[in-house]
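1. Curious how this folds, go ahead:
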Amino acid sequence: MSESLSAPPFPGVDPSPGLSWSIPGLREDPTMCLRCRSAQLLCGKPVCPLLLRYHAFQRTLPMVQGKDLSGSSPPAVFVGRFGYPKVSFGPLLTAEHGRTELLDTPEDWVGRSVAEVVGFRTSLVRGTSPIRVTDAEKPIPLLEELQLLGIAAESAESETRFRRPPRGHIALSDSAPPFGPSAPIESLRLDVRRVDPHLDRLSSDTAANARTAVSELYDRGVRVSRIQRAFSVGTLGRRGRRRLVPTRWSITAVDDLLSKRNLEDVRQLPELGEIRVHRLTALDNRWLILFLPGVWRYESIESWYPSTFWNPSPTEIIMMGDHEGYDGRTTYASIGGCYYAARLAVTEAMLRMGRQAGVAVLREVHPGEILPLGVWNVREHVRAALREPPTRPGSMGELLGLIQSTFVIPLPRWLTQSAVLHEARTQRRLDDWLVAEKVPVA
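-> As a prediction, the model looks like this:
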């Protein structure tokens, strides 16, 4: 639950005009923030997430006090999901002029701090306007502008008038990454000087279905975040089938489509004959990506340490995961978009190495992850881990020792949760039997 406040819960913090607050857990313990005042960190986090976002808003709100905003878009567009099929859509804008692509390019955020990422998100002002998703086929003038923005190759200068001054809302939600102030749009002028030629060509191809368009763009090296943006604003797909797609859904849809496409080639590769492990620590997340001998099988497991954002318990560890066998899965993964984001990263790695394997993506989240940052966090950090040279344990025993030394959560918890590790430990392959029996292989 959450409680909304018109002023911040900390005495001495300026209750900025146009800024409201929403804090999970206040209904259960309405005195927690007042007792803490960011000094005692009673929520268990190493930094106060409210003040982190508050200070980020304080840098943005003074630049958008009136109804008019002059600046640029990274380029970026947001399509909401509430009320579907009638949703809210609009550009993401900044008061800065010039090159602002970094503000909405998660591929370039690896190595950045939480505070920097929150700053990128909250510096973007979200314009809003209602629309039906089917209007992508016959767009109103505002949507025409945003569809052009959706295929832009660089930042676009903008002049925007809102119906009221943009307002910010600090919502420490379990499902929403940080975002900046928002307001309904009255008028918008964009200067898109250059479009991505690959996106432009596929947006004009009304005979190619969305799956084909997404795959072709990916093959031509278009960044996944750009493909997701074009997919969201309804510029891809056959005539009569194009739709606006809520941003959150478009991200997972593209990750899913591309990883399935990769798997068509991965399943044709020879099997990996050794164990490989890639490691990474970033944003207080510890990652292990395990490649095990055999054919394709995959799982992704998340373990949320006590007092992390998704696990408010001060004492209990929460673990959950999903897996699939050689033929894939037919139901949506319970851990959501993170499953498909990691699957895209590992299929890319297998195509590079020219081998298929069983894969387990293990993620241990520590209290330094004070805010949900978005699915990009998984895709790009798994990609980063897979760019690191692998460790090659010589046996399953060595692998288990590596897992135990990397994570704080005890090894038995991982073994209980993991279907891929259970199979690797308990099932002998025919090759293993032939070697053990010294049977000659033709």
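2. what residue lies at the spatial centre of this protein?
-> Of all residues in the chain, the one closest to the mean position by C-alpha atoms, centre = their mean is Val375, 1.4 Å from it.
3. Spatially nearest residue to it (excluding sequence neighbours)?
-> Gly337 (4.2 Å; C-beta to C-beta, 6 or more residues apart in numbering). Just so you know, the C-beta spots here come from the backbone N, C-alpha and C atoms, and that holds for glycine as well.
4. my guess is the residue nearest to the centre of the chain contacts Ser250, does it?
-> No - counting by C-beta atoms under 8 Å, Val375 does not reach Ser250; the two are 10.9 Å apart.
5. Which parts of the stretch 51-200 of the chain are helices?
-> 114-122, 141-150, 197-204 (DSSP state H, counting those that start in this stretch).
6. between those helices, which gets nearest to Arg161?
-> helix 141-150 (12.2 Å; C-beta to C-beta).
7. same for the closest one, what does it pack against?
-> If contacts are counted by 3 or more C-beta pairs under 8 Å, 6 or more residues apart in numbering; DSSP states H and E, helix 141-150 sits against strand 77-79, strand 86-93, strand 182-191, helix 224-232.
8. quick one: which of these is nearest Ile317?
-> It's helix 224-232; of the helices and strands packed on helix 141-150, that one is closest to Ile317 (C-beta to C-beta) at 31.4 Å.
9. which other helices and strands contact that closest one?
-> strand 77-79, helix 141-150, helix 197-204, helix 210-219, helix 247-266.
10. where are the low-confidence patches of the chain?
-> By pLDDT under 70, the weakly predicted segments of the chain are 1-64, 168-178, 307, 309-310, 312, 428-442.
11. Can you show me the strands along it?
-> Using DSSP state E, the strands of the chain run over 2-5, 19-24, 68-73, 77-79, 86-93, 125-132, 156-162, 168-171, 182-191, 276-282, 285-292, 297-304, 318-324, 358-365.
12. Let me know which of the ones you listed is the nearest to Lys138.
-> So among those, strand 125-132 is nearest, using C-beta to C-beta, at 10.5 Å.
13. Return the list of strands paired to the closest one, each annotated with direction.
-> strand 86-93 (antiparallel), strand 182-191 (parallel) (DSSP bridges).
14. what's the angle between it and strand 68-73?
-> In terms of direction (axes from the mean of the first three to the mean of the last three C-alpha atoms, to 10 degrees), strand 125-132 departs from strand 68-73 by 90 degrees.
15. Pull out the buried residues from strand 125-132.
-> Residues of strand 125-132 classed as buried: 125-129, 131 (neighbour count, 16 or more other C-beta atoms under 10 Å).
16. Let's see it as PDB, backbone CA atoms only.
-> Coordinates of each C-alpha in strand 125-132 appear next as PDB, following Å, rounded to 0.1, in the frame of the first residue of the first chain:
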ATOM      1  CA  VAL A 125       9.600  15.700 -18.900                       C
ATOM      2  CA  ARG A 126       6.700  13.600 -20.100                       C
ATOM      3  CA  GLY A 127       4.100  15.100 -22.300                       C
ATOM      4  CA  THR A 128       0.800  13.300 -22.400                       C
ATOM      5  CA  SER A 129      -2.200  13.000 -24.600                       C
ATOM      6  CA  PRO A 130      -5.000  10.300 -24.900                       C
ATOM      7  CA  ILE A 131      -5.200   8.100 -27.900                       C
ATOM      8  CA  ARG A 132      -6.500   4.700 -29.000                       C
END
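17. next one: that strand to chain centre, how far?
-> Relative to the centre of its chain, strand 125-132 is centred 21 Å away, using C-alpha atoms, centre = their mean, to the nearest Å.
18. orientation of that strand relative to strand 156-162 in degrees?
-> Using the same axes, to 10 degrees: strand 125-132 against strand 156-162 is 70 degrees.
19. What lies in contact with strand 125-132?
-> The contact list for strand 125-132 (C-beta atoms under 8 Å, 6 or more residues apart in numbering) reads 60, 64, 69, 78, 80, 85-95, 140, 142-143, 160, 162, 166, 179-185, 188, 244.
20. Now that we have those residues, which of them are buried?
-> Judged by 16+ other C-beta under 10 Å, buried ones among the contacts of strand 125-132: 60, 64, 69, 78, 80, 87-95, 142-143, 160, 162, 166, 179-183, 185, 188, 244.
21. my read: Ala183 touches Arg163, true?
-> Yes - Ala183 is in contact with Arg163 according to C-beta under 8 Å; the separation is 6.6 Å.
22. Between those two, which contacts overlap?
-> Lys67.
23. that older thread, distance of the residue nearest to the centre of the chain relative to Phe179?
-> 15 Å (C-beta to C-beta, to the nearest Å).
24. Also His278?
-> Taken as C-beta to C-beta, the span from His278 to Phe179 is 32 Å.
25. and what of Ala156?
-> 20 Å.
26. do the same with Ser187
-> Applying C-beta to C-beta, the value for Ser187 to Phe179 is 22 Å.
27. wouldn't Glu348 be in contact with Asn262 here?
-> Yes - contact criterion C-beta under 8 Å: Glu348 and Asn262 qualify, at 6.6 Å.
28. Contacts for stretch 339-354, please.
-> Applying C-beta under 8 Å, 6+ apart, the set of residues contacting stretch 339-354 is 224, 251-252, 255-256, 258-259, 262-263, 265-266, 269-270, 272, 289, 291, 298, 300, 322, 333, 356-357, 359, 361, 375-376, 378-379, 382-383, 386.
29. please redo it, this time with the cut-off set to 6 Å
-> Stretch 339-354 has contacts (C-beta atoms under 6 Å, 6 or more residues apart in numbering) with 252, 255-256, 258-259, 262-263, 266, 269, 300, 322, 333, 356, 359, 361, 375, 378-379, 382-383, 386.
30. Please enumerate the helices of the stretch 301-442 of the chain.
-> Under DSSP H, counting those that start in this stretch, the stretch 301-442 of the chain gives helices at 337-353, 376-387, 396-406, 411-417, 419-426, 430-437.
31. Among those helices, which comes closest to Arg238?
-> Comparing the helices of the stretch 301-442 of the chain by C-beta to C-beta, helix 337-353 comes nearest, at 23.3 Å.
32. Just the CA trace of that closest one, in CSV.
-> Extracted as CSV, the C-alpha positions of helix 337-353 are listed here (Å, rounded to 0.1, in the frame of the first residue of the first chain):
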residue,chain,number,x,y,z
GLY,A,337,10.5,-9.0,-18.7
CYS,A,338,13.9,-9.7,-16.9
TYR,A,339,13.6,-13.3,-18.1
TYR,A,340,13.4,-12.4,-21.8
ALA,A,341,16.0,-9.6,-21.5
ALA,A,342,18.6,-12.0,-20.1
ARG,A,343,17.6,-14.7,-22.7
LEU,A,344,18.4,-12.3,-25.5
ALA,A,345,21.8,-11.5,-24.0
VAL,A,346,22.8,-15.2,-23.6
THR,A,347,21.6,-16.2,-27.1
GLU,A,348,23.7,-13.4,-28.5
ALA,A,349,26.7,-14.8,-26.6
MET,A,350,26.1,-18.4,-27.9
LEU,A,351,26.0,-17.2,-31.5
ARG,A,352,29.3,-15.4,-31.0
MET,A,353,30.9,-18.6,-29.5
